[in-house]
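> Need coordinates for the following:
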Amino acid sequence: MANTNKLALFTSELQKLLQTMVRSYEKCDLECVKQHGLTASQASTLLSFPEKGSLTMRGLSELMGLAESTMTRAVDQIVKKNLVKRELDEEDRRVVRVSLTREGMDKRSALERALHEFFAEGFGDFEEADRAAILDALNKLMSAMEMLSGKGCCS
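From the prediction side, this is the model:
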């Protein structure tokens, strides 16, 4: 019974902390991307692209964990901003490939720099051992969350 109570306390605290962390990150993320003229989802999409080369729309959808129709609408928005271009695949004309434009590469680099500076400011004073422990714990947390993601939350 004691272990059940400890687990209940742990899961309750974990849920609260994750929810607070996500909200805090979203606020910071929104501020950062506002400076670059993008929504958070547009910035996230842009940051998902490889620096060079292209992805299929299906590949980008899978990478982002979104339906292809949702991804198509998101890409439409950043195509209009001349950050991404669409091209038909040379081998299979039914396949659409997307890649960053020169402006998109520049914007992606600027976003990466801004996010790096943001995190460096917040975590620069952490001891190296603490940084390693945080990354280790987050990796374990992400693995557990990925395992759970297909099981349906709140059911």
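> Pull the distance from stretch 122-137 to the chain's centre.
Distance of stretch 122-137 from its chain centroid, counting by CA atoms, centre = their mean, to the nearest Å, is 20 Å.
> And the spatially most central residue of the chain, how far from residue 88?
Taking CA atoms, centre = their mean as the criterion, residue 44 is the residue nearest the geometric centre of the chain, at 5.2 Å. As judged by CB to CB, to the nearest Å, residue 44 and residue 88 stand 25 Å apart. Any C-beta I mention is one placed from the backbone N, CA and C, and that applies to glycine too.
> picking up where we left off before, helix or strand for the residue nearest to the centre of the chain, which one?
The secondary structure element spanning residue 44 is helix 40-48 (assigned by DSSP states H and E).
> Give me the buried positions along that helix.
Taking 16 or more other CB atoms under 10 Å as the neighbour-count basis, helix 40-48 is seen to contain the buried residues 41-43, 45-46.
> The least confident helix or strand in the chain by mean pLDDT versus helix 40-48: what angle between them?
Of all helical and strand segments in the chain, the minimum by mean pLDDT, DSSP states H and E falls on helix 2-34, at a mean of 84. Counting by axes from the mean of the first three to the mean of the last three CA atoms, to 10 degrees, helix 2-34 lies at 90 degrees to helix 40-48.
> would you list every one of the strands in the chain?
In the chain, the strands defined using DSSP state E lie at 54-56, 84-88, 96-100.
> Tell me which of those sits most buried.
For those, average neighbour numbers computed from mean count of other CB atoms under 10 Å are highest in strand 96-100, which has a mean of 20.
> With only the CA atoms kept, save that strand in CSV.
Output in CSV follows, covering the C-alpha atoms of strand 96-100 (Å, rounded to 0.1, in the frame of the first residue of the first chain):
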residue,chain,number,x,y,z
VAL,A,96,5.7,16.4,-53.1
ARG,A,97,9.0,17.3,-51.6
VAL,A,98,9.5,20.4,-49.4
SER,A,99,12.7,22.2,-48.6
LEU,A,100,13.9,25.4,-47.1
